[in-house]
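S.K.: sequence plus predicted model, see below.
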Amino acid sequence: MENLDPMFKPKSIAIVGASRDPHSIGFSVVKNLIDSKYQGKIFPVNPKADEILDLKCYHSVLEIPEDVDLGIITVPASVTPSVIEECGKKGIKGVAVIASGFSEVGREDLEEKIVGIAKSYGMRILGPNIVGIMSNPMKMNASFGPYLPYPGKITMISQSGALLIALDSRTWVDRVGMSYLVSIGNMSDLDFADVIDYFKNDEETKCISLYVEGIKNGRKFIDVSKKILEKPIVALKSGVSTRGSLAAASHTGSLAGSGKVYSAAFKQAGVVQAYTLDDLFDRSLALSLQPPMRGENLLIITNGGGVGVLATDAAEKYGIPLKDPPEDLKQKLKEIMPDFGSAKNPVDITGMASAEWYGKALKIALQHPWVDGVTVLYCETSVSDPRELSMEIFEATNCNRTNKPVTVSYIGGEVTERAIEWLQKKGVPVYRAPDRAISAMASLREYGRYIEKGFDEFNRFEDVDNEKVRGNF
Amino acid sequence: MEAKEILDSYKVPVAKTRLARTKDDALKLLEEMNYPLVAKIVSPNVIHKSDVGGVILNIKTKDELSAAYDKIISNVKSKVPNAEIIGIAIQEMAPQGTESIIGATKDVQFGPTIMFGLGGIFVEVMKDVSFRIAPFSKSTAIDMIKELNGKAILEGTRGEKPKDIEALSEAISRISQLVTDFPIIKELDANPTLVYENGIKVVDARIILDKK
């Protein structure tokens, strides 16, 4: 796998099409790099300017006296080929082409042209038709998005530019942290498989998340992804529609639909699937913060029967149905709750529960060999303080050396919100509804199952008569 | 018929079928076939054979075969007068088994894709189907089978013994290799594929070729 460091960890960036016009993209990209405190060299390029934002502006990349790792191209599509040619001559290793007006509007020819030029110089292209690249570890906002995302360990790769900008902002509201946000655009050169393959080795990435509209080389995607078991990959596929309306000549043709085929492909690729935007965020958060669930036994601890039932329903729906815990575990749990509590699954420690009871129950659960994962459900009551609960949960998970995942659901008001924020910063994913906490745990189990299964080698059947087959055509 | 030959070349168990162009041929074929037999019209102008009296089941003797041959020809000649009659297919009748369908189609992004389903003639109503991108191993085929809502039918339920999931998964995997190695195959239906406690049998199959 070729080194894409110049693209994603550049030491120097040239912005071709940089501009003094504050309303232009060429201006935004330069400003964003400065504002995000990018530590590498920034070289604006514009034949008609000598200085932009107090930086020396060059008239061509060829005039830049130093090496340039990454070129951000903000000029229109029509002049992009000649710009790419110059970047190639300069020895730039990677270019991110922001402009639209390529294959997405029918100009495949223009797109093929820039790919051809880049190839002749051994240069890689991200895009075209992208927003850019955002990186927290590099303090690099090489895009026209407003600011870097909330920091964390998710690397998200999006095929939609507009959605990426929106998700960037949303990370701050939801406090779902990203390492990199990559806009992949038309995938004229680098595709999902290439970028996934790069980030599997990135230390600052614990989970790779995808927003997919269409995968160009399906087989390659499966072959690359299925071998990556060390990091979870989660994908949201949009545009699932049936081809059933088309008259198909066979039963198979009429039953196949792109949604089902993509789901099959994701299973074979070892990719966890998300079904909505909320789901993508929820699952990415859990997969980036918690270890995979290594068995089927989920224990739920709750202070409310209602949310316990909702979680039970969700557990069945998401493929991790609840089971009865063994007697000795039930006995231990009964000791920390009043008589009218229940040690069946969900474990109901009652509405009287204090943070301390939760802490004890959670420690008992995590230490018991039967338990593979725990979901803690909390309803804010007047006899408990959610902030204390967060501290208890953190303490229990922190001293837990068995590496079992925990997801949490809090339902409450303002004080609860602060408690959510605190606990999430400590690395425990917290959701505002029981079914979301369960869906998150289910994604940890799905990842766990992929790890256990390993990847499937196809062994050819050699005893077949290919000649006879050909004869029949 | 060729579709079954192709599957046979890939060691997928198929109901033995031979084409008889004349009645004499048909009677000669009895030497290599086992009763009971099915006789079916072979004509490019007849798609729904049963509808025109073009299928006769449960043939157990030489006389019955002779009569069946004549009956089918006369039925078809009267119902589809201008039909080009190539001959009569003589097929070994498969015993009753669990009806399933193994299919293949070509996806624009992922290429050859295999489908497996339960439900016999009602498969399009039940929609109890699973998919995988070809080619894949037997163990992936087993995953496909276990994904179905009706998987208990194959695993054995209501006093019935488990069916031969081993043989079924091997056949599915072989077919996945077939469509991968021969991209000229655009669509394939092995329907019905009967599943028994021991073994499977593809009773009917169609293959549609890519015109390009």
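M.R.: Perfect, thanks for sending it.
S.K.: can you name the element that comes right after the worst-scoring helix or strand of chain B on mean pLDDT?
M.R.: The weakest-scoring helix or strand in chain B, judged by mean pLDDT, DSSP states H and E, is helix B:123-126 (a mean of 80). Downstream of helix B:123-126, the first helix or strand assigned by DSSP states H and E is strand B:129-133.
S.K.: paired strands for that following strand, with orientation please.
M.R.: Using DSSP bridges, the strands paired with strand B:129-133 in its sheet are strand B:111-118 (antiparallel).
S.K.: and the least confident helix or strand of chain B, what does it pack against?
M.R.: Contact here means 3 or more Cβ pairs under 8 Å, 6 or more residues apart in numbering or on different chains; DSSP states H and E; on that basis helix B:123-126 packs against helix A:251-255, strand B:111-118. Every C-beta, even on glycine, is put in place using the N, C-alpha and C of the backbone.
S.K.: buried stuff in that helix?
M.R.: Residues of helix B:123-126 classed as buried under the neighbour-count rule (16 or more other Cβ atoms under 10 Å in any protein chain shown) are B:Val123.
S.K.: what is the burial count for A:Arg20?
M.R.: Neighbour count of A:Arg20, defined by other Cβ atoms under 10 Å in any protein chain shown: 17.
S.K.: then B:Glu155?
M.R.: Using other Cβ under 10 Å, B:Glu155 has 14 neighbouring residues.
S.K.: before we move on, back to that, and the helices and strands packed on helix B:123-126, which one's lowest on average pLDDT?
M.R.: Lowest mean pLDDT of these: helix A:251-255, a mean of 59.
S.K.: quick one: A:Ala166 is in a strand?
M.R.: No: if the criterion is DSSP: H, G, I helix; E, B strand; the rest coil, then A:Ala166 is helix and not within a strand.
S.K.: separation between it and A:Lys139?
M.R.: The gap separating A:Ala166 from A:Lys139 is 22 Å, by Cβ to Cβ, to the nearest Å.
S.K.: please apply the same query to A:Val261.
M.R.: 40 Å.
S.K.: of these two, who's got more company?
M.R.: A:Val261 (23 against 14).
S.K.: show me what contacts the residue lying closest to the more buried one once chain neighbours are set aside?
M.R.: Nearest non-adjacent residue to A:Val261, counting by Cβ to Cβ, 6 or more residues apart in numbering or on different chains: B:Asp107, 5.0 Å away. Residues in contact with B:Asp107 (Cβ atoms under 8 Å, 6 or more residues apart in numbering or on different chains) are A:218, A:256, A:258, A:261, B:113, B:133.
S.K.: from the residues you listed, which is closest to A:Val75?
M.R.: A:Gly218 (32.7 Å; Cβ to Cβ).
S.K.: can you pull the contacts of B:Lys163?
M.R.: Taking Cβ under 8 Å, 6+ apart, one finds B:97-98, B:153-156, B:195-197 in contact with B:Lys163.
S.K.: so which residues of the stretch 1-150 of chain A form strands?
M.R.: Using DSSP state E, counting those that start in this stretch, the strands of the stretch 1-150 of chain A run over A:12-16, A:41-45, A:51-52, A:55-56, A:70-73, A:94-97, A:124-126, A:132-135, A:140-143.
S.K.: dump the ones you listed to JSON lines, plus mean pLDDT, distance to A:Pro386 and mean neighbour count.
M.R.: Below are those laid out as JSON lines (pLDDT from 0 to 100; distance: least, Cβ to Cβ, whole Å; neighbours: other Cβ atoms under 10 Å in any protein chain shown):
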{"stretch": "strand A:12-16", "mean pLDDT": "97", "distance to A:Pro386": "44", "mean neighbour count": "26"}
{"stretch": "strand A:41-45", "mean pLDDT": "97", "distance to A:Pro386": "45", "mean neighbour count": "23"}
{"stretch": "strand A:51-52", "mean pLDDT": "96", "distance to A:Pro386": "49", "mean neighbour count": "16"}
{"stretch": "strand A:55-56", "mean pLDDT": "96", "distance to A:Pro386": "48", "mean neighbour count": "14"}
{"stretch": "strand A:70-73", "mean pLDDT": "98", "distance to A:Pro386": "44", "mean neighbour count": "29"}
{"stretch": "strand A:94-97", "mean pLDDT": "97", "distance to A:Pro386": "43", "mean neighbour count": "28"}
{"stretch": "strand A:124-126", "mean pLDDT": "97", "distance to A:Pro386": "43", "mean neighbour count": "26"}
{"stretch": "strand A:132-135", "mean pLDDT": "98", "distance to A:Pro386": "32", "mean neighbour count": "26"}
{"stretch": "strand A:140-143", "mean pLDDT": "97", "distance to A:Pro386": "34", "mean neighbour count": "28"}
